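Q: Using only what follows, build the 3D model:
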Amino acid sequence: MILPRCGELLEEATLHELVGERDAAQRCYAQAFTEALGAGHAESLLEVITKEGHGHRAAGRDELATEVLELALVVAVLQGDASREARALNGLGILHLSHGDLAAAQESYGAAREAARVAGDQRTLGEIEQNLGIIASIRGDFAEALERYTAGLEYMERAGHLRGCAQALTNIGMLHVDLQRFEEADSFFRRSLELCGKTGDVGTAGTVHINRSEMFLARGEPERARESCDEAYETFSRMGDAEGRAVAMKCYGVIHRSVSKLHLAEVYLRQAIQIASEARYPLGEAESHRELALVLRALNRNREALEELNRARSLFMTLEAERHQADIGERISKLENDFLSLVRFWGESIEAKDRYTSGHCERVAEYACRLAAEAGMEEREIVWFRMGAFLHDLGKTEVPEEILNKPGRLTDEERAIMERHPVIGDEMLAPVEFPWDIRPMVRSHHERWDGRGYPDGLTAHTIPLSARILRIADVFDALTTARSYRRQLTPEEALAIMEDDVGSFDPEIFEIFKVIFPEIVGTAEEAQQRAGVS
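A: Numbers count the residues shown, from 1 in each chain. Below you'll find the predicted structure:
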């Protein structure tokens, strides 16, 4: 048994934590520690250390939490206290998971489960099963996740731990949303809210309201989604939980985007970014930047959208480097897909002005990426190279349509305007800090190996490698596509013309192009079939 005064202080700390008053909770832990130390009561001291470690973890003080929980683990093992050993190990597992180290987390949870079984600690067993369920969910094993969550709920029901039951019901509800079993999901959420009301667990209630909002939105019920988001925002505001408010603001933005109220969506998402930034909550800030990019794309503000995606990526990469999120790699992959989707969309908008170049950016990207891979470019670089290929003609958006679509040859004045498009595209992308240098592709894809290209008259290896690769793909597609002033050439005719144009291409890269020419021809034929070209 722990000392009565220590028990009172620890219970008070728990109540403070439930409503988000973490500093007040830490003062209670400090007083309880003093009481236990003064009385020389080892069991009370161990209980205080264990709970304080979890308190630091919940408050985001990871280094301090690790130190305190490791101390609690050592003391528990020395005293043969299997229950507190399990709780300390469980806390360390949660820290490993929050840092993205799933293997270390699973190892800690496994050791914690064995200790909890020895102690017959039903409550801790329930918490551990919940955490193992989270790992299974991250890995995409929803069947195991449901099994773990359900087992955890049963343990905590036997232990009479209502707050734990509420959290388990929330996890089960979230899993059913992922499975698109919305009616079942909401039944679990409503049961969780009922228990939160009984226990005063305001924080979990706020999380449930956010989850319900996302569920209603997935069901196509934006008004009910907004009502749940209102509940969440009010809850987090009462708690003074800035991270929760940022999540709610982001949720408002997503709701307004879903009903095409794009300007309102932008307002809410910018507020979410500001709140998350001030709260030093990089994950929430990154997710809000990503959502804002989708809104800006819908408003045809493509360059701003790219800037937002890049800000999101920078934050995600920092989180990955610091190992602060378990599923950050998956988030980065999704973000790169967003990048590619946006630049493809922007590339198509470029082609909309030029009736002779439909599908040009898509085809050039395919040819250029195949050539880049054969030339030894790394896979991760090719992701960004493909984006540069989509945007290489961006500057044509500023070229008058009568010049782009003029039948016959251009005058010298018209050609001068046309040849400005690489510079214009480079200038348009200047504010966007891409993770990989795309701008040289845009500026230099009309440079020639012999120095007779434009806009800068670069020669040989002074031309960026990415632009040298892109030029070959760009010329090949131009030759094999019909123009107002000539017919569509066959791939073999195009290759012959390219071979005769001595000084146009990097000789080494062009030799690689000739080696893979049959594959390029196959890609070209597939692209023409998709476009309905005979």
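Q: Ile509 contacts Ala368, correct?
A: No: look at Ile509 against Ala368 with CB atoms under 8 Å: they stay out of range, at 10.6 Å. In this view, the C-beta of every residue, glycine as well, is placed from N, C-alpha and C.
Q: The two - which one has more neighbours?
A: Ala368 (29 against 18; other CB atoms under 10 Å).
Q: In contact with the more buried one: list those residues for me.
A: 385-386, 389, 469-470, 472-474 (CB atoms under 8 Å, 6 or more residues apart in numbering).
Q: and if we set it to 7 Å?
A: 389, 469-470, 473 (CB atoms under 7 Å, 6 or more residues apart in numbering).
Q: Now the two most distant members of the residues you listed.
A: Distance extremes for these: the farthest pair is Ala389 and Ile469 at 9.1 Å, using CB to CB.
Q: higher neighbour count, those two?
A: Ala389 (31 against 28).
Q: what about that one, distance to Asp456?
A: 20 Å (CB to CB, to the nearest Å).
Q: Out of the contacts of Ala368, list just those in helices.
A: Among these, the members found in helices (DSSP state H) are 389, 469-470, 473.
Q: Turn those residues into JSON lines, columns for pLDDT and distance to Ala225.
A: Listed next are the ones in helices among the contacts of Ala368 as JSON lines, based on pLDDT from 0 to 100; distance: CB to CB, whole Å:
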{"residue": "Ala389", "pLDDT": "91", "distance to Ala225": "38"}
{"residue": "Ile469", "pLDDT": "97", "distance to Ala225": "46"}
{"residue": "Leu470", "pLDDT": "96", "distance to Ala225": "44"}
{"residue": "Ala473", "pLDDT": "95", "distance to Ala225": "45"}
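Q: Give me the secondary structure label for Ala453.
A: Not quite, residue 453 is Gly, not Ala. Secondary structure for Gly453, judged by DSSP: H, G, I helix; E, B strand; the rest coil, is coil.
Q: How about Ala13?
A: With three-state DSSP as the basis, the three-state label of Ala13 is helix.
Q: so how many other residues sit close to it?
A: Neighbour count of Ala13, defined by other CB under 10 Å: 25.
Q: I'd like to know how far the residue lying closest to it once chain neighbours are set aside sits from Lys406.
A: Setting aside the residues directly before and after it, Ala13 is nearest to Cys28 in space (CB to CB, 6 or more residues apart in numbering), at 3.7 Å. From Cys28 across to Lys406, the span is 79 Å (CB to CB).
Q: higher neighbour count, the two?
A: The neighbour count for Cys28 versus Lys406, taken as other CB under 10 Å, is higher for Cys28 (25 against 15).
Q: Which of the helices or strands spans the more buried one?
A: Taking DSSP states H and E as the definition, Cys28 sits inside helix 22-39.
Q: Can you tell me which helices and strands that helix packs against?
A: For helix 22-39, the helices and strands in contact under the criterion 3 or more CB pairs under 7 Å, 6 or more residues apart in numbering; DSSP states H and E are helix 4-18, helix 42-58.
Q: Where does pLDDT dip in the chain?
A: 321-328, 349-358, 435, 483-486, 524-525, 527-534 (pLDDT under 70).
Q: mind checking how far the residue sitting nearest the centre point of it is from Asp338?
A: For the chain, Arg331 is the residue whose C-alpha lies nearest the centre (CA atoms, centre = their mean; 2.9 Å). Applying CB to CB, the value for Arg331 to Asp338 is 10 Å.
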